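Novice: below are the sequence and a predicted model; questions follow.
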Amino acid sequence: MDSSEFLGFLTSRSSVREYGSTPITEDEIGYILSCARTAPSAGNLEAWDAIIVTDEDVRLQLADAAFGQEHVGCAPVIFVVCANYVRSMSRYGERGILYAVQDATIAGTYMMLAIHARDLLPAGRAHLTRITCGQSSNCPSTSAPLYCLQQDMDIRRQNSPGGCRKGSMFTGKNGKRRIIQCPIT
C-alpha cells in the first residue's frame, strides 16, 4: 500500500450508530485483538486490556455508563478498552498513568482500523464513566475503562457512503475552524 492508498483507506473509514443482531465471529474478534497487539506502547508494556461484552444486561449497563448513549447497548458485541495503570506505573511511576491512557487509546484506534480493514463499520468511541463501567464489565481492578467500540456483522461497508464528507468543518487546536476536503466514497 502506498501513501495515497493509505490516505484513501483512512478517509474512507466511517462510524455507525445503528446495529443488527448478528455478533461478529470469534475469528473477527481474534483478528481485531491481534491487530491491537501490534500497536506501539510505552516500554512495550501494552498497558491496556480489552473486554469483549456480549451479555445483553451488561451491554445495557454499558449504555448507561456511556453517559446514556442508548445505541451502545444495541450492538451485539462491545469491546471495552481499558487503561491498565498498574502495569505501566510499575515501570514509570506516576507518569505511567498517562502512558497507560495513551497505550489504550492507540490500541483502540488499531482496533477501529482493523474493523475497517475487514470491511465492517465500527461505531465511534463511546466514553465511559469509570465507576459504573468498572462494575458493569467486570474490568480487572488494575484497569480503568476508557471507552467502548460497538460492532456487529449486519452492516458492511457497501451499505454506507462512509468517510468524511467533502467540506467537513473541523475546529483545530488553535480554535480556528478549517475545512477539510475529503473524497466521498
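Specialist: Cool, got the structure.

Novice: off-centre distance for the longest helix seen in the chain?
Specialist: With secondary structure taken from DSSP state H, the chain has its longest helix at helix 96-117. Computed by CA atoms, centre = their mean, to the nearest Å, the separation of helix 96-117 from the middle of its chain amounts to 7 Å.

Novice: by contact count, what packs against that helix?
Specialist: In this structure, helix 96-117 packs against helix 26-36, strand 48-53, strand 77-84, helix 85-92, strand 143-151, with contacts taken as 3 or more CB pairs under 8 Å, 6 or more residues apart in numbering; DSSP states H and E. No exception for glycine: its C-beta is placed from N, CA and C like everyone else's.

Novice: got the buried residues for that helix?
Specialist: By neighbour count with 16 or more other CB atoms under 10 Å, helix 96-117 contains the buried residues 96-97, 99-108, 110-116.

Novice: repeat that for stretch 36-52.
Specialist: Of the residues in stretch 36-52, those buried under the neighbour-count criterion (16+ other CB under 10 Å) are 36, 39, 41-42, 45-52.

Novice: below-threshold pLDDT in the chain: ranges please.
Specialist: Judged against pLDDT under 70, the low-scoring parts of the chain cover residues 121-140, 152-185.

Novice: mind doing that once more with 50?
Specialist: Low-confidence regions of the chain, defined here as pLDDT under 50, cover residues 130-133, 157-185.

Novice: any idea how far residue 61 is from the residue nearest to residue 43 when sequence neighbours are not counted?
Specialist: Nearest-residue entry for residue 43: residue 91, 5.4 Å, with adjacent residues in sequence omitted and distances by CB to CB, 6 or more residues apart in numbering. Applying CB to CB, to the nearest Å, one obtains 33 Å for the distance of residue 91 from residue 61.
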